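> sequence and predicted model, in that order:
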Amino acid sequence: MNILLIGGGGREYGIAKKLKEDSRVERIYALPGNGGMEEFCECFPVKATDLDGVRAFALEHRVDFACVTPDDPLAMGMADMLRGMGIPCFGPGKAAARIESSKIFSKQLMEKYDIPTAKAAKFDSLSDALDYIAKNEPPMVVKADGLALGKGVFICRTRGEAADAARELMENGLFGASGARILIEEFLQGPEVSVLSFTDGKTVVPMVSSMDHKTAGEGGAGPNTGGMGVIAPNPFYTEAVARECMERIFLPTVRAMEAEGCPFTGCLYFGLMITKDGPKVIEYNCRFGDPEAQTVLTLMQSPLLDAMLACENRTLADTKVVFSDGACANVVLASGGYPGKYEKGLPIQIGELPANVSLVHAGTKKVDCGFVTAGGRVMNVTANADTLEKAVALAYEGVSHVSWKDMYYRRDIGAAALARINSAGRAE
Ligand code: AMP
Ligand code: GLY
């Protein structure tokens, strides 16, 4: 089978590596891929958002199945385009991708179908937003309606911060059209859980739960990023919470999408907060998370290809999807300055890694003498072990074998999860 994989980050590296374990997979064409993906894929310099370029490529090559995993091409309708060419595809069409590409769409969906989430007001005029901010108590959360590389959410402790965020989005066009409409949400508190799930539009099969670490700085400091590290499983996601999520959030969401005429197939990512009033949806993503995918998929024991095909063929209820009960920790190694400005082209030194530790390439480029940096999030170090504590320690041991000028990483990946495990242990 020849697979067309759209994208070129750490997520696509993790997906390609997993798919390549499968003897049915002959070739993976990655558009554009990255330096490290050349180990498993044939990479071609076609941008993930270049619909015409992808169409031309798919016409010229034998493609049996496509995986569209980044948000932008899904929001642009790339999965619809490929299906229209007769190529079965993993990933939702444009209408279903609105669950991520418009936070106003998803908020209205949750309100209409009674899915627990933060209360929110929607604005398309700056003066109305400023008026609302003046009349309401902080803290509040200001969110761009559209896609913003995970950076369109502002947690505002004061009215002044909220007004500044609204102006940045609506007046200064920080994220262009994505910020023309905004949401202002109540501030929720509680541990966060990411649940990536396979769905064929009816059945939902959650993967192992995980916890992302979104801010650039340690302990929740600094601006939001695409994600600075992940642990899986997430100890806050107990069996009771999982049951409640399935009944009150996961199944109601896919049923709501079907009722709205845009059934969702592919990977539906539930970003949840476990509040004192129960789990609530913070965000939906219409795709695998990055770096969640390359963490969670290391724990998948059944073939990824089977789960992906089942989503497209609507046969998920009859498909075995199995995860191990081990743990994985993933530490993102970023360019100094990320998520702001950073240098590219810096040579990367890679030493010998300990057993059960792997390097995921995210923003790297292959050169004659090795790899150089080519993005903000450059690499991830993943480690697998039978407990989370061992996986975290092993991941950091792995980090000590990689370096480049100004390499930056958080030193507290997994700290909140381990504190939870230790306090639960003491309570027993
Ligand atoms: P999002 O891109 O919507 O996932 O938001 C990014 C991060 O902002 C989330 O992972 C949360 O940490 C935080 N966040 C978003 N919405 C809220 C909210 N209503 N209350 C508290 N924190 C939030
Ligand atoms: N790591 C968060 C995301 O992929 O949206």
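Thanks, I have it. Ligands and ions are numbered 1, 2, ... in the order given.
> ligand 1 contacts on this structure?
Taking C-beta under 6 Å from any ligand atom, the part of the chain that reaches ligand 1 is made up of 118, 141, 150, 153, 155, 185, 187-188, 192, 214, 224, 271, 282-283. In this view, the C-beta of every residue, glycine as well, is placed from N, C-alpha and C.
> can you do 8 Å?
Remark: the part of the chain in contact with ligand 1 comprises 103, 118, 120, 141, 143, 150, 152-153, 155, 185-189, 192, 212, 214-215, 220, 224, 271, 273, 282-283, using C-beta under 8 Å from any ligand atom.
> quick one, which of these are buried?
103, 118, 120, 141, 143, 150, 152-153, 155, 185, 188, 192, 212, 214-215, 224, 271, 273, 282-283 (16 or more other C-beta atoms under 10 Å).
> return the subset of the residues of the chain next to ligand 1 lying in helices.
Secondary-structure check on the residues of the chain next to ligand 1 using DSSP state H: residues within helices are Lys103.
> Met246 in helix, strand or coil?
Assigned by DSSP: H, G, I helix; E, B strand; the rest coil, the conformation of Met246 is helix.
> what sits against it?
Under the criterion of C-beta atoms under 8 Å, 6 or more residues apart in numbering, the contact list for Met246 reads 204, 206.
> now it: how far from Ala310?
In this structure, Met246 lies at 18 Å from Ala310, with C-beta to C-beta, to the nearest Å as the measure.
> so which bits of stretch 94-112 are buried?
When burial is assessed from 16+ other C-beta under 10 Å, stretch 94-112 yields the following buried residues: 94-107, 109-110.
> and that stretch, what's its mean pLDDT?
Averaged across stretch 94-112, pLDDT comes to 97.
> can you start the count at 283 instead of 1 from here on
Got it, the first residue is 283 from now on, which makes the last one we talked about stretch 376-394.
> what's the span of that stretch, first residue to last?
The first and final residues of stretch 376-394 sit 21 Å from each other (C-alpha to C-alpha, to the nearest Å).
> cool, stretch 483-500 as well?
Using C-alpha to C-alpha, the two ends of stretch 483-500 sit 38 Å apart.
> now the residue sitting nearest the centre point of the chain, what are its backbone angles?
The structure's the chain has its C-alpha centroid closest to Gly571; by C-alpha atoms, centre = their mean the separation is 1.6 Å. With angles defined as degrees, to the nearest 10, Gly571 sits at phi -80, psi 160.
> apart from its chain neighbours, what residue comes closest to it?
With sequence-adjacent residues excluded and distances taken as C-beta to C-beta, 6 or more residues apart in numbering, Gly571 is closest to Tyr551, at 5.3 Å.
> can you name the residues bridging to the one you found?
The bridge-partner assignment for Tyr551, based on DSSP bridges, gives Leu478, Asn567.
> how many residues are close by it?
Per other C-beta atoms under 10 Å, the neighbour tally for Tyr551 reads 22.
> pretty sure it contacts Arg569?
Yes. Counting by C-beta atoms under 8 Å, Arg569 is a contact partner of Tyr551 at 6.6 Å.
> okay, and the common contacts of these two?
Both Tyr551 and Arg569 are in contact with Glu382, where contact means C-beta under 8 Å, 6+ apart.
> which parts of the stretch 283-432 of the chain sit against ligand 2?
By the criterion of C-beta under 8 Å from any ligand atom, the positions of the stretch 283-432 of the chain lying close to ligand 2 are 293, 353, 432.
> need the per-residue pLDDT for the first one.
Confidence per residue is given as pLDDT, and for Arg293 that number is 98.
> which element, helix or strand, includes it?
With elements taken from DSSP states H and E, the one containing Arg293 is helix 292-302.
> and the contacts of that helix?
Under C-beta under 8 Å, 6+ apart, the answer for helix 292-302 is 285, 287-288, 307, 310, 312, 315-316, 318-319, 322-323, 349, 351-352, 570-577, 579-580, 582, 586-587, 614, 642-644, 659, 661-662.
> what does stretch 640-647 give?
When contacts are defined by C-beta under 8 Å, 6+ apart, stretch 640-647 is touched by residues 291-292, 295-296, 316-319, 572-573, 576, 580, 612, 614, 617, 627, 630, 632, 635, 653-665, 680, 684.
> I appreciate the help and will end here.
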